[in-house]
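> Sequence and predicted structure below; questions after.
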Amino acid sequence: EVQVVESGGGLVQAGGSLRLSCAASGFKFDVYTIAWFRQAPGKEREGVSCISNRDGTTYYADSVKGRFTISSDNAKRTVYLQMNTLKPEDTAVYYCAAYLGSYEDVDYWGQGIQVNVSS
């Protein structure tokens, strides 16, 4: 059974930090790209960051570059998103996703986790 489970969300003040975790099981983790998406109320879902477990290549959206860091622990089958200097506009439901091909063709989604940043 495939499982993608996010944890670590919550409420934080602007300027604070949170670390999201994405624990995956049921598929060959080390060949997938793991991505974080987010969706704020009334807005479309957007890609935040991703990491290729094949070669470690990472990507960041311009809006989070320099503030967020993605990392992967293949032994624990877990991807982390360290979020620093959080802003109110980072408030959203954050989703973890796994894909082999393109971020437009996600194979597995997590259930999402809420992140709220107060001003």
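Nice, thanks for sending it over. Residues are numbered from 1 along each chain as shown.
> in this structure, which ranges drop under the pLDDT threshold?
For the chain, applying pLDDT under 70 flags no range at all.
> what residue is smack in the middle of it?
In the chain, the residue lying closest to the centroid (C-alpha atoms, centre = their mean) is W36, at 2.6 Å.
> From S119, how far out is that one?
Counting by C-beta to C-beta, to the nearest Å, the gap from W36 to S119 is 23 Å. For the C-beta atoms, the positions are set from N, CA and C on the backbone; glycine is no exception.
> so what's N84 up against?
N84 makes contact with S17, R67, F68, T69 under the criterion C-beta atoms under 8 Å, 6 or more residues apart in numbering.
> which one of the residues you listed sits closest to G112?
Taking C-beta to C-beta as the measure, G112 lies nearest F68 of the contacts of N84, at 17.1 Å.
> What about the closest one, how many residues nearby?
Neighbour count of F68, defined by other C-beta atoms under 10 Å: 20.
> Now it. Its backbone dihedrals?
Phi and psi for F68, reported as degrees, to the nearest 10, are phi -110, psi 150.
> Across the sheet, point out what pairs with it.
Beta bridges link F68 to M83, judged by DSSP bridges.
> isn't it right next to T58, touching?
No: judged on C-beta atoms under 8 Å, F68 makes no contact with T58 at a distance of 10.1 Å.
> so what sits against both of the two?
Shared contacts of F68 and T58, counting by C-beta under 8 Å, 6+ apart, come down to S49.
> re the thing from before, out of the contacts of N84, who's the most crowded?
Of all these, F68 has the most neighbours under the rule other C-beta under 10 Å, reaching 20 neighbours.
> and it, what is it in contact with?
Neighbours of F68 in contact, by C-beta under 8 Å, 6+ apart: V48, S49, Y60, L81, Q82, M83, N84.
> just the strands in this protein please.
Taking DSSP state E to define them, one finds strands in the chain at 3-7, 10-13, 18-25, 33-39, 46-52, 58-60, 68-73, 78-83, 92-99, 108-109, 113-118.
> Give me the contact list for the shortest one.
In this structure, residues lying in contact with strand 108-109 by C-beta under 8 Å, 6+ apart are V2, V4, A24, F27, Y95, C96, A97, A98, Y99.
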